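> have a look; sequence and predicted model below, questions after that.
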Amino acid sequence: MLIVKIELHSAVSGEIKTVATGKIVNTGTGSPTQGNYRIELRDAAGRLWKTGHIEGFPRKRLLAWDLLYRVLKKLIGDRDSTLVLSPFRVVPNGEQHEPSNKEQRHDRPTVESERHPEAP
C-alpha cells in the first residue's frame, strides 16, 4: 500500500497540518509485471472524496511517481483546462521566472506546470 499525504507546514507557527491523504492499494489481482490498484482520496477531515482503480500498471517498468500521476489524472483530470495557463513554471533550482507582459495572471484553484517530456 502506498500512502500519499499532503501537509501544510506553517513558517510562522511551525504547526504541521494534514490537508489531504490518499491510499493506493494493490488489489493482488495483477501479474508480476502488471499491477491493479484501488485508490481512495480523502480531504483534511478524513472524509472520502474520490475513489477509483488503476488496472494494468507496468510496475516493473515505471516508478511510483508514474502511478501517482495516473491516479491524479484519472480521478481529478484536467481541472480548469479552459482557463489561460498560469505564468508560473517549473524551473531548475535557483532559477527565477518573471512573467512577461504577454502572460496574463489568473487566480485559479490549481496551478498547472509544464509537462515533463519523459512523463507518461
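Okay, I see it.

> mind showing which ranges of this structure have poor pLDDT?
Within the chain, the segments meeting pLDDT under 70 span 80-120.

> so what's residue 19 up against?
6, 7, 8, 44 (Cβ atoms under 8 Å, 6 or more residues apart in numbering). All C-beta spots, glycine's among them, are computed from the backbone N, C-alpha and C.

> before we move on, which element is it in?
Residue 19 is part of strand 16-26 when elements are defined by DSSP states H and E.

> okay, that strand in CSV with CA atoms only?
Extracted C-alpha coordinates of strand 16-26, given in CSV (Å, rounded to 0.1, in the frame of the first residue of the first chain):
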residue,chain,number,x,y,z
ILE,A,16,2.0,20.9,10.6
LYS,A,17,-1.5,20.3,9.3
THR,A,18,-2.5,17.4,7.0
VAL,A,19,-4.7,18.8,4.3
ALA,A,20,-5.3,15.6,2.2
THR,A,21,-4.4,11.9,2.2
GLY,A,22,-4.6,9.2,-0.4
LYS,A,23,-4.2,5.4,-0.4
ILE,A,24,-3.1,3.4,-3.4
VAL,A,25,-3.7,-0.3,-2.5
ASN,A,26,-2.5,-3.3,-4.6
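
> and that strand, which residues are buried?
Residues of strand 16-26 classed as buried by neighbour count (16 or more other Cβ atoms under 10 Å): 21, 22, 24.

> strand partners of it, parallel vs antiparallel please.
strand 2-9 (antiparallel), strand 34-42 (antiparallel) (DSSP bridges).

> domains of this protein?
The record's domain parsing of the chain by automatic domain parsing lists 2-75, 82-113.

> from the contact counts, what lies against the helix or strand hosting residue 69?
Counting by DSSP H and E, the element that carries residue 69 is helix 64-75. When contacts are defined as 3 or more Cβ pairs under 8 Å, 6 or more residues apart in numbering; DSSP states H and E, helix 64-75 packs onto strand 2-9, strand 16-26, strand 34-42, strand 48-58.

> contacts made by it with the rest, please.
2, 4, 22, 24, 35, 37, 39, 41, 50-52, 54, 57, 59, 119-120.
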